[in-house]
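In: Fold the following.
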Amino acid sequence: MSEDCVNRRGFVGSATVIGTGLVITRAATAAEEKPQTLTVPLANPDFEDLRKPGGSAELTFEDGTEVLVARVDVDQWAVVSLECTHQKCDIEYDGKKKQFVCPCHNSVFDLEGKPLTGPATKPLKCYQAGTAVVVSTKAK
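Out: Coordinates of the predicted model:
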């Protein structure tokens with residue numbers, strides 16, 4: 001066995017739970033494409049804004065798809081495509097109003113990506129999000 005491989009006993013000995021994380025799933029859009037997932041360890045300082053309701057963060061799937069993750073409430077998440085459907089500006093999350101907004105032309109979207117005010121008329125792509133326990137395989 002190579003040094004890079006970890007056997008079951010070694011894994012169990014070095015695995016530590018580092019807290020609750022967020023798992024985001026991107027469904028496959030073509031028959032040959034596989035669904036993708038992102039696991040976001042909320043204990044990571046890079047995701048500090050996602051620890052409290054009203055916070056948000058930009059994330060990227062392996063294929064380059066960019067999303068905006070918003071923590072709506074303690075146990076509610078909303079994940080939509082980062083690009084506005086009007087002219088592809090990056091959207092932002094308004095935690096007080098619980099809406100996604102485009103700062104370029106003031107389009108407003110609900111938590112499911114549906115446009116509430118234009119000029120955008122098409123919805124943002126929506127993604128599934130759920131919580132999970134994130135495990136690190138690195139010993140502390």
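In: Am I right that Phe61 is in contact with Gln36?
Out: Yes - using CB atoms under 8 Å, Phe61 is in contact with Gln36, at 5.0 Å. (Glycine included, C-beta is placed from N, CA and C.)
In: Contact partners for Leu50?
Out: Neighbouring residues of Leu50 by CB atoms under 8 Å, 6 or more residues apart in numbering: Leu22, Val40, Leu42, Ser56, Ala57, Val69, Arg71.
In: As TSV, those with distance to Pro115 would be great.
Out: TSV is the format used below for the contacts of Leu50 (distance: CB to CB, whole Å):
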residue	distance to Pro115
Leu22	25
Val40	26
Leu42	30
Ser56	19
Ala57	23
Val69	20
Arg71	22
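In: what's the closest of those to Cys126?
Out: Here the nearest of the contacts of Leu50 to Cys126, counting by CB to CB, is Val69; it sits at 11.7 Å.
In: Report the beta-bridge partners for the closest one.
Out: Going by DSSP bridges, Val69 is paired in beta bridges with Ala57, Val79.
In: wait, what's in contact with it?
Out: Applying CB under 8 Å, 6+ apart, we find Val69 in contact with Leu22, Ile24, Val40, Leu50, Ser56, Ala57, Glu58, Leu59, Trp77, Ala78, Val79, Ala129.
In: Does the third one fall in a helix, a strand, or a coil region?
Out: Just to be clear, that refers to Val40. Classification of Val40 using DSSP: H, G, I helix; E, B strand; the rest coil returns strand.
In: Next one, pLDDT for it please.
Out: pLDDT for Val40: 76.
In: tally of neighbours for it?
Out: 21 (other CB atoms under 10 Å).
In: quick one: it and Phe61 touch, right?
Out: No - if you go by CB under 8 Å, Val40 and Phe61 don't touch, sitting 11.7 Å apart.
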